[in-house]
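S.K.: this one's structure only:
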């Protein structure tokens, strides 16, 4: 028995085993305190990282024409559905299908009048997307796709998503030109605290710095909340202390957004929504690739826990969320399978040791349950309201770093790197459909050379 095995202590599993759960068909039900320990660093991080979730509010009010109160209610309902992933055994922090938001908003605003007509179009897109997720999860095609899709194409999807996330923030209409000081300072702090070897070395030597490092992106968000008003880029927040908890406006949501109240989309709207849903799924497919890569990295480092990531299960949970949201309060951000920036931040802390985080489900489960509660707490949502654009921007720029890093690590040969780079650039500039076609065509054209080069490099490595 090794020293690590002798020192390992957990009431939820044996060393090297899978975390305890209740089996339920394709799902593995896990509840806090019963199947995993509560993680306080993730709880505190979630109290402020919920600002990104609240960042959906401006988009919802502008595109759907709903009030701030209704939009906040929609965020709270969406936050509840976030908790389903860890509850049903999916080891990720779920999020939006973020790169698809401009595509979906353009589809809605260019073709449909604000009101029931536009809401019905959004219902059609989200329900079609949910059904695609469910079909791929039930048939097992979701898991097969992750394994069958060529390595270079998977890397290209990640690269494209990373480039698109960063470009979106720095282009002429992006948030950087509006809030340059806050974003610059925030992203420097976020990158340094999450990825810097210097910071990692400081954490090993200083307990106070180590305590700060446990909170992932939280220091960057807090600094942004302070710097923004000082720089004149954000208003000084007005904190609302009462009522403490926002109860969702269920009646208004039902009357304004549910297809059972406003009517179902016409066949013409369904037909127009299907291509948008397909492209959105192609974009979301990159999240499954990212999830698999992040979880595999964590699993390799932490030998004390066997992590079961199943793309089919992730498809099923994502499908349930999208279908449920489409019938209650359709969401312009869609329900995606991954919040890459936070999943990476929590995974980074998880990789430190069992003492840092008992199980990966402790981190992910605590974070998502805490954000669900936090978005409903009016003192927190009112405090963060002015800085919501900053939180969203920092998340996207951190996601860009993570995606491009993972994409480069996945590529083993020069041809894979070339395909990844070209496909990623096309995907970022021309959209998911173009990027996927370019990546597959390049793979077919260069496949034989790819195999030969891989064989040569493997032979060199052996010698």
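M.R.: Structure's in. What do you need? Keep in mind that what you see is a predicted model, and the values were worked out from it rather than measured.
S.K.: by contact count, what packs against the host helix or strand of residue 131?
M.R.: Using DSSP states H and E, residue 131 sits in helix 116-139. Judged by 3 or more C-beta pairs under 8 Å, 6 or more residues apart in numbering; DSSP states H and E, the packing partners of helix 116-139 are helix 56-64, helix 101-111, helix 141-148, helix 259-262, helix 267-301, helix 311-328. The C-beta positions use only the backbone N, C-alpha and C, and glycine is treated the same way.
S.K.: what's the most buried one of those helices?
M.R.: When you average the neighbours per residue for each of the helices and strands packed on helix 116-139 (mean count of other C-beta atoms under 10 Å), helix 311-328 leads with a mean of 24.
S.K.: Next SSE downstream of that helix?
M.R.: helix 340-350.
S.K.: Now do that next one and helix 267-301, the angle between them.
M.R.: Per axes from the mean of the first three to the mean of the last three C-alpha atoms, to 10 degrees, the angle that helix 340-350 makes with helix 267-301 is 20 degrees.
S.K.: got the contact list for helix 340-350?
M.R.: For helix 340-350, contacts defined as C-beta atoms under 8 Å, 6 or more residues apart in numbering pick out 41-42, 45, 49, 92-93, 95, 194, 213-214, 216-217, 287, 290-291, 294-295, 297-298, 302, 356-357, 360, 363-364, 367, 394-396, 398-399, 402-403.
S.K.: Mind checking the pLDDT average for that helix?
M.R.: Averaged across helix 340-350, the pLDDT comes to 88.
S.K.: Quick check: which helices or strands does the next helix or strand after it pack against?
M.R.: Per DSSP H and E, the first helix or strand lying C-terminal to helix 340-350 is helix 360-376. Helix 360-376 is packed against helix 40-54, helix 68-82, helix 84-87, helix 340-350, helix 378-384, with contacts defined by 3+ C-beta pairs under 8 Å, 6+ apart.
S.K.: now the angle between helix 311-328 and the second one, please.
M.R.: With the same axes, to 10 degrees as the criterion, the two stretches helix 68-82 and helix 311-328 enclose an angle of 150 degrees.
S.K.: how far out from the middle of the chain is helix 68-82?
M.R.: Relative to its parent chain, helix 68-82 has a centroid offset of 17 Å by C-alpha atoms, centre = their mean, to the nearest Å.
S.K.: Now for the protein, the helix or strand with the poorest mean pLDDT.
M.R.: helix 432-462 (a mean of 71; mean pLDDT, DSSP states H and E).
S.K.: Pretty sure residue 23 sits in a strand.
M.R.: Yes - judged by DSSP: H, G, I helix; E, B strand; the rest coil, residue 23 forms part of a strand.
S.K.: I'd like to know how many residues surround it.
M.R.: Neighbour count for residue 23, taken as other C-beta atoms under 10 Å: 9.
S.K.: what's near enough to touch it?
M.R.: By C-beta under 8 Å, 6+ apart, residue 23 lies in contact with residue 29.
S.K.: any idea how far it lies from residue 308?
M.R.: Taking C-beta to C-beta, to the nearest Å as the measure, residue 23 falls 12 Å from residue 308.
S.K.: Ok, residue 140 next?
M.R.: According to C-beta to C-beta, residue 140 and residue 308 sit 15 Å apart.
S.K.: likewise residue 329?
M.R.: The gap separating residue 329 from residue 308 is 32 Å, by C-beta to C-beta.
S.K.: More neighbours: these two, which one.
M.R.: Shown here are residue 329 and residue 308; by other C-beta under 10 Å, residue 329 has more neighbours (30 against 15).
S.K.: doesn't residue 261 make contact with the more buried one?
M.R.: No - using C-beta atoms under 8 Å, residue 329 is not in contact with residue 261; the gap is 11.2 Å.
S.K.: what's the distance between stretch 383-399 and the middle of its chain?
M.R.: Centroid displacement of stretch 383-399 relative to its chain, using C-alpha atoms, centre = their mean, is 14 Å.
S.K.: do the same with stretch 17-29
M.R.: Chain-centre distance of stretch 17-29: 23 Å, with C-alpha atoms, centre = their mean.
S.K.: List the buried residues in it.
M.R.: 19, 20, 21, 26, 27, 28 (16 or more other C-beta atoms under 10 Å).
S.K.: count of residues packed around residue 246?
M.R.: For residue 246, the tally of surrounding residues (other C-beta under 10 Å) stands at 18.
S.K.: Roughly how far does it sit from residue 14?
M.R.: From residue 246 over to residue 14 the distance is 43 Å, taken as C-beta to C-beta.
S.K.: Equivalent analysis for residue 149, please.
M.R.: Distance from residue 149 to residue 14, by C-beta to C-beta: 35 Å.
S.K.: Which of these two has more residues huddled nearby?
M.R.: Between residue 149 and residue 14, residue 149 has the larger neighbour count (other C-beta under 10 Å), namely 19 against 11.
S.K.: and the closest residue in space to residue 44 that isn't next to it in sequence, what are its phi and psi?
M.R.: Nearest residue to residue 44 in three dimensions, chain neighbours excluded: residue 215, at 6.1 Å (C-beta to C-beta, 6 or more residues apart in numbering). Note on residue 215: its backbone torsions stand at phi -100, psi 10 [degrees, to the nearest 10].
S.K.: Check residue 232 too.
M.R.: phi 80, psi 10.
S.K.: list the contacts for it?
M.R.: Counting by C-beta under 8 Å, 6+ apart, residue 232 has no contacts.
S.K.: Now do the SS call for residue 38.
M.R.: State at residue 38, reduced to three classes by three-state DSSP: coil.
S.K.: what sits against the spatially closest residue to residue 133 that is not a sequence neighbour?
M.R.: Spatially, and ignoring its direct neighbours in sequence, residue 133 is nearest to residue 319 (3.2 Å; C-beta to C-beta, 6+ apart). Contacts here follow C-beta under 8 Å, 6+ apart; on that basis residue 319 touches 130, 131, 132, 133, 134, 135, 137.
S.K.: what sits up against stretch 423-434?
M.R.: By C-beta under 8 Å, 6+ apart, the residues outside stretch 423-434 that reach it are 99-100, 103, 152-153, 155-164, 167, 279-280, 282-283, 404, 407, 435-436, 438-439, 442.
S.K.: Throw together a PyMOL command that grabs the buried residues out of those.
M.R.: Here is the PyMOL command that picks out the buried ones among those, judged by 16+ other C-beta under 10 Å:
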select buried, resi 99+100+103+152+153+155+156+157+158+159+160+161+162+163+164+279+280+282+283+404+407+435+436+438+439+442
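S.K.: Quick one, grab the pLDDT at residue 407.
M.R.: For residue 407, the model assigns a pLDDT of 88.
S.K.: my read: it touches residue 163, true?
M.R.: No - under the criterion of C-beta under 8 Å, residue 407 makes no contact with residue 163, lying 9.5 Å away.
S.K.: Now that residue 338 has come up, it's in contact with residue 283, right?
M.R.: No - counting by C-beta under 8 Å, residue 338 does not reach residue 283; the two are 11.4 Å apart.
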